[in-house]
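**Q** This is a predicted model, with the sequence first.
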Amino acid sequence: MTTASAALLPVNAALAWVLAVLLAAAVAVTAVARLAPDQGTGRAREVLTAGLRAAVQLGVVSVAIGWVAHSPTGLPAFLLLMYAVAVRTAGRRITSDGTWWWMAVPIAAGVVPAVVLLLSTGLVKVTGIAMIPVTGILIGGAMTATVLAGRQSLAVLRMRHGEVEAALALGFVERDARVEIARSAASEALVPGLDQTRTVGLVTLPGAFVGMLLGGADPVTAGAVQLFVLVALMAVQAVAVVVTLELIARARITAPAHHEKAAAPHRRRISWSLVRRQRETTPSDPSHPSDPSDPSDPSDPSDRTLPARTARRNRAPTAKTARRTRRGS
């Protein structure tokens, strides 16, 4: 262990104990507060799984990073693995249907031009020790922006579906109508990156800056590299958000409703016209008295659902009707 790394955080049993306590606290708080997207699922298990998975993955990467950084075949394979995991993670967070693979487009649209620009200008060398951290930061930023933009856009389109229909009625094409409704929600995905850039050096010291200082670089060089990373992240995230919004507006990325309405129980409908015909054609049988508890029995005197015409026909004759009958006789 080098002196710089030991001064930052010693790797010993105390570190493992503190990590276990912090992870247990995160799981407990999430479970007690019932932090969940809906009533059927919880985040406590996801918090525990994420912590354990991070420990395993970082352990494997720490062992393999030396070979990957200096291998001509290991470097591109590792970069493709990072990209594939980011696409799958973003797709799973946004949708549960078969359109998740479209997340490959916004992530690549933001990261690939930035990396090509850095390599073509010579700012980043084609070496594992330089490519892996820079590309990893950019892929992670694009993934985060894609997830936020996708989830926010799909949610607002579900809630404001009526406004989309109104825009279509006014003559908008479907793509334009969906963009007008979802644009403001998708722009919220840029807020974390903007806040990080605004507060850098005052609230937080990002990883690239601290890493270069621990590696022996002077503070000015470390600050320049960190500024480059933050500006590149803003460009990558802006492109990812725009492409995600466009794919959602064109219905390339879709998501099923989170809560499907339960199907209403089937109720047997009574055909009153058939009931009237049966009453007119079937003579009454005194041996089979009607059941007053049967709601479908048309002879039930308490049944008020028969049409008014049938009710008038069965009504007792009035005095006026009786006088007309006597005159005719």
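**A** That came through fine.

**Q** can you give me the strands for the protein?
**A** With strands called from DSSP state E, the chain shows none.

**Q** pull the helix or strand with minimum mean pLDDT from it.
**A** The helix or strand of the chain with the poorest confidence is helix 308-314; it has a mean of 51 (mean pLDDT, DSSP states H and E).

**Q** Can you tell me what sits against stretch 195-212?
**A** 8, 133, 137, 221-223, 225-226, 229-231, 233-234 (CB atoms under 8 Å, 6 or more residues apart in numbering). C-betas here are computed from N, CA, C, even on glycine.

**Q** which parts of that stretch are buried?
**A** 196, 200, 206, 208, 209, 212 (16 or more other CB atoms under 10 Å).

**Q** what's the closest of those to residue 149?
**A** residue 196 (16.7 Å; CB to CB).

**Q** Quick one: buried ones out of the contacts of stretch 195-212?
**A** 133, 137, 222, 223, 225, 226, 229, 230, 233, 234.

**Q** Reformat the residues you listed as JSON lines; add pLDDT and distance to residue 173.
**A** JSON lines is the format used below for the buried ones among the contacts of stretch 195-212 (pLDDT from 0 to 100; distance: CB to CB, whole Å):
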{"residue": "133", "pLDDT": "87", "distance to residue 173": "43"}
{"residue": "137", "pLDDT": "92", "distance to residue 173": "38"}
{"residue": "222", "pLDDT": "82", "distance to residue 173": "50"}
{"residue": "223", "pLDDT": "85", "distance to residue 173": "47"}
{"residue": "225", "pLDDT": "83", "distance to residue 173": "45"}
{"residue": "226", "pLDDT": "86", "distance to residue 173": "43"}
{"residue": "229", "pLDDT": "88", "distance to residue 173": "39"}
{"residue": "230", "pLDDT": "91", "distance to residue 173": "37"}
{"residue": "233", "pLDDT": "93", "distance to residue 173": "33"}
{"residue": "234", "pLDDT": "94", "distance to residue 173": "31"}
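
**Q** With distance to residue 167 added, can I get those in a markdown table?
**A** What follows is those, written out as a markdown table (distance: CB to CB, whole Å):
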| residue | distance to residue 167 |
| --- | --- |
| 133 | 45 |
| 137 | 38 |
| 222 | 49 |
| 223 | 47 |
| 225 | 46 |
| 226 | 43 |
| 229 | 40 |
| 230 | 37 |
| 233 | 33 |
| 234 | 31 |
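
**Q** Tell me which entries of the residues you listed lie within helices.
**A** 133, 137, 222, 223, 225, 226, 229, 230, 233, 234 (DSSP state H).

**Q** Show me which pair in the contacts of stretch 195-212 is furthest apart.
**A** The farthest-apart pair in these, when distances are taken by CB to CB, is 8 and 234, at 27.5 Å.

**Q** And residue 19, how close does it get to residue 61?
**A** According to CB to CB, to the nearest Å, residue 19 and residue 61 sit 17 Å apart.

**Q** now residue 215
**A** Residue 215 is 18 Å from residue 61, by CB to CB.

**Q** Tell me if I'm right that residue 75 and residue 132 touch.
**A** Yes: with contact defined as CB atoms under 8 Å, residue 75 reaches residue 132; the gap is 7.4 Å.

**Q** Find the residues that touch each one of those two.
**A** 68, 69.

**Q** Tell me, how many residues neighbour residue 243?
**A** The tally of other residues near residue 243 (other CB atoms under 10 Å) stands at 22.

**Q** quick one, what contacts it?
**A** 105, 106, 109, 110.

**Q** what's the answer for residue 124, then?
**A** When contacts are counted by CB under 8 Å, 6+ apart, residue 124 touches 115, 118, 130, 131, 134.

**Q** what about 7 Å?
**A** Counting by CB atoms under 7 Å, 6 or more residues apart in numbering, residue 124 makes contact with 118, 130, 131, 134.

**Q** And for residue 95?
**A** Residue 95 neighbours (CB under 7 Å, 6+ apart): 253, 254, 255.

**Q** Mind doing that once more with 8 Å?
**A** 150, 154, 253, 254, 255, 256.

**Q** Report the separation between it and residue 248.
**A** Taking CB to CB, one finds residue 95 at 10 Å from residue 248.
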